[in-house]
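J.: sequence unavailable; structure follows:
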């Protein structure tokens with residue numbers, strides 16, 4: 001019962017923040033303000049849900065609370081795609097001007113990269129999950145180096161466009177992108193939701209899960225595909241937010257005090273929405289758009305990451 005009360009409090013806090021965000025300084029211009037702010041809220045809910053769920057599943061699979069799916073190099077691949085298109089075709093090319101095409105290109109290439117990586121590394125039986133993470137780090141570093149190399153060669157005006165792509169933003173999001181992202185996420189959850197029942201067992205570790213009758217490799221491969229798709233969608237929709245998943249999932253663990261993923265999934269989604277809506281309010285009302293939401297999230301998440309490392313080191 002205590003968990004249900006906590007869920008109610010989180011849901012109420014999220015709804016209150018959303019109501020404040022929708023109505024603050026509206027000045028009676030509801031016909032103009034409500035549609036624009038509604039798009040931001042929808043984008044925040046989609047992004048928060050995708051990042052929270054994928055990070056929680058990823059940490060459960062790896063049995064490590066300081067890892068996030070960004071370790072697979074998908075954020076770096078996103079920046080490489082944006083940089084490559086601008087470097088070769090320019091910022092006025094159809095791929096950059098057409099947000100729908102750019103979104104589908106980024107999602108498609110990131111999912112394709114993940115699928116090829118999983119196919120190669122899981123081709124042999126008994127492949128260690130940490131080997132996959134190591135390869136992801138290597139590819140992430142490679143993609144980042146290639147993107148940086150092309151960035152120093154482009155025109156300064158083109159470089160500014162690349163810089164804008166490197167920070168997550170919920171401003172001026174295309175209506176069609178939100179619709180496409182929403183449909184894709186619904187399809188992903190509809191197919192992969194049936195694997196959630198294994199998460200509690202997977203959190204015990206590979207050997208224990210196998211002993212309890214779980215087809216470990218089959219389940220983990222499908223869950224990793226879901227993680228890759230969701231991270232690709234959220235990154236292509238608003239841009240990379242590196243530390244959001246690390247922050248909200250660990251706060252969820254501390255707040256919920258349970259390992260039941262039924263509560264952890266919903267709790268992390270609510271906390272993610274709270275963090276994003278609250279952060280967007282700070283960006284708009286305190287900093288008056290002089291900074292971006294990803295800067296605030298990454299700063300807070302980075303400090304919390306250092307705290308987690310010191311905490312784990314102290315426990316050793």
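T.: Noted; the coordinates are in hand. Keep in mind the model is a prediction, meaning the values are calculated, not measured. Residues are numbered from 1 along each chain as shown.
J.: show me where the stretch 51-200 of the chain has its helices.
T.: For the stretch 51-200 of the chain, applying DSSP state H, counting those that start in this stretch gives helices covering 74-89, 94-97, 99-121, 129-151, 156-165, 175-192, 199-202.
J.: among the ones you listed, show me which one is buried the most.
T.: Most buried of the helices of the stretch 51-200 of the chain, by mean neighbour count (mean count of other CB atoms under 10 Å): helix 74-89, with a mean of 21. (Each C-beta comes from the backbone N, C-alpha and C, glycine too.)
J.: for that one, packing partners?
T.: helix 94-97, helix 99-121, helix 129-151, helix 156-165, helix 216-238 (3 or more CB pairs under 8 Å, 6 or more residues apart in numbering; DSSP states H and E).
J.: the inter-axis angle of that helix versus helix 129-151?
T.: Angle, helix 74-89 to helix 129-151, by axes from the mean of the first three to the mean of the last three CA atoms, to 10 degrees: 30 degrees.
J.: if we can go back for a sec, which of the helices of the stretch 51-200 of the chain has the lowest average pLDDT?
T.: Mean pLDDT is lowest for helix 94-97 among the helices of the stretch 51-200 of the chain, at a mean of 68.
J.: any chance of the helices and strands packed on helix 74-89 in a markdown table, plus distance to residue 11?
T.: Below are the helices and strands packed on helix 74-89 laid out as a markdown table (distance: least, CB to CB, whole Å):
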| stretch | distance to residue 11 |
| --- | --- |
| helix 94-97 | 39 |
| helix 99-121 | 29 |
| helix 129-151 | 33 |
| helix 156-165 | 33 |
| helix 216-238 | 21 |
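J.: and of these, who's closest to residue 18?
T.: helix 216-238 (17.0 Å; CB to CB).
J.: buried set for the helix or strand following the closest one?
T.: Downstream of helix 216-238, the first helix or strand assigned by DSSP states H and E is helix 244-256. Buried positions in helix 244-256, judged by neighbour count with 16 or more other CB atoms under 10 Å: 244, 245, 246, 247, 248, 249, 250, 251, 252, 253, 255, 256.
J.: which other helices and strands contact helix 244-256?
T.: Against helix 244-256 (3+ CB pairs under 8 Å, 6+ apart) you get helix 2-23, helix 30-62, helix 261-281, helix 293-315.
J.: give me the contacts around it.
T.: The contact list for helix 244-256 (CB atoms under 8 Å, 6 or more residues apart in numbering) reads 3, 6, 10, 48, 51-52, 54-56, 58-59, 65-66, 68-70, 263-264, 267-268, 271-272, 275-276, 297, 300-301, 304-305, 308.
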